[in-house]
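> okay, structure incoming, though there's no sequence with it:
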């Protein structure tokens with residue numbers, strides 16, 4: 001751990017010298033939400049807003065956080081999970097695949113607010129993540 005005064009002096013010197021990489025390495029790490037987080041989605045087919053805690057499953061069968069009545073959506077199609085300060089989407093063995101912003105995903109993929117998760121002929125927008133209240 002670098003003492004606060006020394007850290008601030010080092011950051012100022014590195015910033016003045018334009019040593020961005022070293023400066024960024026000493027800068028404070030981004031805040032990671034502690035505890036549970038709310039994942040918020042907008043179902044683009046019907047405008048529904050879905051807010052769930054830490055994990056959301058998407059599928060045609062009942063019992064999923066996001067149920068889509070679309071015959072091209074598998075009974076269990078995709079899953080979105082929170083890991084630290086990020087949300088990740090993964091396909092869970094669907095027949096037609098899962099797409100993010102038009103590209104098919106083959107492995108867990110990080111989401112940013114505004115990303116479109118496309119399953120079958122349906123789409124779900126990832127609105128964002130905030131502390132669970």
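Nice, thanks for sending it over. Remember, predicted model here, so these are calculated numbers, not experimental data. Numbering: from 1, shown residues only.
> look up how far residue 99 lies from the residue lying closest to residue 98 once chain neighbours are set aside.
Nearest non-adjacent residue to residue 98, counting by Cβ to Cβ, 6 or more residues apart in numbering: residue 91, 4.0 Å away. Glycine gets a C-beta too; all of them are placed from N, C-alpha and C. As defined by Cβ to Cβ, to the nearest Å, residue 91 lies at a distance of 9 Å from residue 99.
> centre-most residue in this protein?
For the chain, residue 87 is the residue whose C-alpha lies nearest the centre (Cα atoms, centre = their mean; 2.4 Å).
> beta partners of the nearest residue to residue 113 once chain neighbours are set aside?
Among residues not flanking residue 113 along the chain, residue 128 sits closest, at 4.1 Å (Cβ to Cβ, 6+ apart). Counting by DSSP bridges, residue 128 is bridged to residue 40.
> may I ask which helix or strand of the chain has the lowest mean pLDDT?
When the helices and strands of the chain are compared on mean pLDDT, DSSP states H and E, helix 20-26 comes out lowest with a mean of 46.
> residue 48 contacts residue 42, doesn't it?
Yes: checked against Cβ atoms under 8 Å, the pair residue 48 and residue 42 is within contact range at 7.2 Å.
> quick one: which of the two has more around it?
With neighbours defined as other Cβ atoms under 10 Å, residue 48 and residue 42 compare such that residue 42 has more, 16 against 12.
> which helices and strands sit right next to the helix or strand harbouring that one?
Here residue 42, judged by DSSP states H and E, is contained in strand 37-43. Under the contact criterion of 3 or more Cβ pairs under 8 Å, 6 or more residues apart in numbering; DSSP states H and E, strand 37-43 touches strand 49-53, strand 55-59, strand 78-83, strand 122-131.
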